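K.L.:
give me coordinates for this.
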Amino acid sequence: MDQLPAPRADFRFDPVRKMIYVVDQTSASSHSSVAAFDLSGNEQGSAHLSDIMPPSPSGRFAESLQEDGSGSWKVYEFNLRVLLSFNCDRPRCKQGDRDTQHWNPKLNDQMIALRTGGAFGKGGACDVYQLSPAHLLKTVRCVGLPVYDWSRDGREIVTLEYEGGRLRREPVN
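P.N.:
The predicted model follows:
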């Protein structure tokens, strides 16, 4: 008996609404379908694709899901208006990758995008974007394949170079 491949799906747990949103990326329609489930696993019907988009800490902004094999991604306002586009082939497209620490923990309308430089992260930078209105706020050095995060008060970017082990603190706000 032939085995069918498992469907590709992404999910997001929303602790505020106490819901689990699941998107079926193999949907036959032109748009991916999203189903909502309560914490007991009971289906609550269909939902919107925006329900599965990872939100900023305030919930005012969201980012697109990472597409398989694609480095492109977008940041949206709550009404799904595109604010910034990264790694795409259109004019006004920004360069940058994201990590789990890219949202500022205190200032809800700031985020980091990492621009890698040459080999082993030489010449890399962390671009800090203000989202309301959307613009580049500051660029700080992020070199040596860095691990980066915001300081607890959201005023600095802290980086640790994987290559070289140097710790840096760069003021942003």
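K.L.:
tell me, what residue is most central in this structure?
P.N.:
Nearest residue to the geometric centre of the chain (CA atoms, centre = their mean): residue 63, 5.0 Å.
K.L.:
go ahead and confirm that one touches residue 77.
P.N.:
No. Proximity of residue 63 to residue 77 does not meet the contact threshold set by CB atoms under 8 Å, at 11.3 Å. (C-beta placed from N, C-alpha, C; glycine too.)
K.L.:
that older thread, distance-wise, check the residue nearest to the centre of the chain relative to residue 47.
P.N.:
17 Å (CB to CB, to the nearest Å).
K.L.:
kindly report the same for residue 90.
P.N.:
Counting by CB to CB, the gap from residue 90 to residue 47 is 28 Å.
K.L.:
higher neighbour count, those two?
P.N.:
When residue 90 is set against residue 47 and neighbours are counted by other CB atoms under 10 Å, the residue ahead is residue 47, at 19 against 7.
K.L.:
beta partners for that one?
P.N.:
Bridge pairing for residue 47 (DSSP bridges) gives the partners residue 34.
K.L.:
quick one: contacts for it?
P.N.:
19, 21, 34, 35, 36 (CB atoms under 8 Å, 6 or more residues apart in numbering).
K.L.:
quick check, nearest of these to residue 43?
P.N.:
Lowest distance from residue 43 to those (CB to CB) belongs to residue 35, with 6.0 Å.
K.L.:
ok, back up a step: which residues touch the residue nearest to the centre of the chain?
P.N.:
Taking CB under 8 Å, 6+ apart, we find residue 63 in contact with 53, 54, 56, 73, 74, 75, 76, 98.
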